[in-house]
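In: Below is the structure, and that's it, no one-letter string:
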């Protein structure tokens, strides 16, 4: 396994991340067998994966609960980088705080290594949401903050407050839109890019 250390941080992650949307049953993936999901996570760890990315909308919290249970039962929390996200419908500052606390409880931990906005809201000023994310970092609830699915306009809005560590984006041979503007902007500001759907759901 290859690893990457984010510049100016202590955060070192496996270049392959275990995306935890598919470990729980939901409308997109259908029914899942919990034992098989746990076996998949165990196999990933055995192959050197130390990076797990989940979110409260994955299985309506079940993904976080299962990841937390798995890490606790195998004594892996301190050896693992755990990332989660703010629910898209909880972007107001008080809701961001509450959402984080709920994720911490489900994941059986007192901190997140990376906490991300899942999508930008058009109903809540981005400055307010990002300010709440910064406060969570100051409180020690999260070690680093990032974003997902964020274009150049929204990036430009939050950069004066604090640059996100990462931007999680869809990127594969069929879906290459980020190459035009978003990827260059991330490179310009040393924002790490986390790729999802690298195989376009197996296509």
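Out: Received the coordinates, thanks. Predicted model only: the values in this text are computed from it and were never measured. Numbering: from 1, shown residues only.

In: Just the strands from the chain, written as ranges.
Out: Under the criterion DSSP state E, the chain contains strands at 3-5, 12-14, 18-19, 51-53, 81-86, 112-117, 142-148, 166-170, 192-196.

In: Rebuild the ones you listed as CSV, extending it with mean pLDDT and mean neighbour count.
Out: Bear in mind the C-beta positions are built from the backbone N, C-alpha and C, glycine included. Below are the strands of the chain laid out as CSV (pLDDT from 0 to 100; neighbours: other Cβ atoms under 10 Å):
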stretch, mean pLDDT, mean neighbour count
strand 3-5, 96, 11
strand 12-14, 97, 18
strand 18-19, 97, 21
strand 51-53, 98, 25
strand 81-86, 98, 26
strand 112-117, 98, 25
strand 142-148, 98, 23
strand 166-170, 98, 22
strand 192-196, 97, 17
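
In: Generate CSV for those, with distance to residue 27 as supplementary columns.
Out: Formatted as CSV, the strands of the chain follow (distance: least, Cβ to Cβ, whole Å):
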stretch, distance to residue 27
strand 3-5, 33
strand 12-14, 29
strand 18-19, 17
strand 51-53, 19
strand 81-86, 18
strand 112-117, 22
strand 142-148, 19
strand 166-170, 19
strand 192-196, 18
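
In: so which of these gets nearest residue 25?
Out: Smallest distance to residue 25 across these (Cβ to Cβ): 15.7 Å, for strand 18-19.

In: which residues sit in contact with residue 18?
Out: For residue 18, the contact set (Cβ atoms under 8 Å, 6 or more residues apart in numbering) comprises 40-41, 44, 49, 51-53.

In: returning to what we had before: of the strands of the chain, which approaches residue 176 most closely?
Out: With respect to residue 176, and counting by Cβ to Cβ, the nearest of the strands of the chain is strand 166-170 at 9.6 Å.

In: could you check the angle strand 142-148 makes with the closest one?
Out: For strand 166-170 against strand 142-148, the angle by axes from the mean of the first three to the mean of the last three Cα atoms, to 10 degrees is 40 degrees.

In: Check which helices and strands strand 166-170 sits against.
Out: Judged by 3 or more Cβ pairs under 8 Å, 6 or more residues apart in numbering; DSSP states H and E, the packing partners of strand 166-170 are strand 112-117, strand 142-148, helix 182-188, strand 192-196.

In: Thanks a lot, see you next time.
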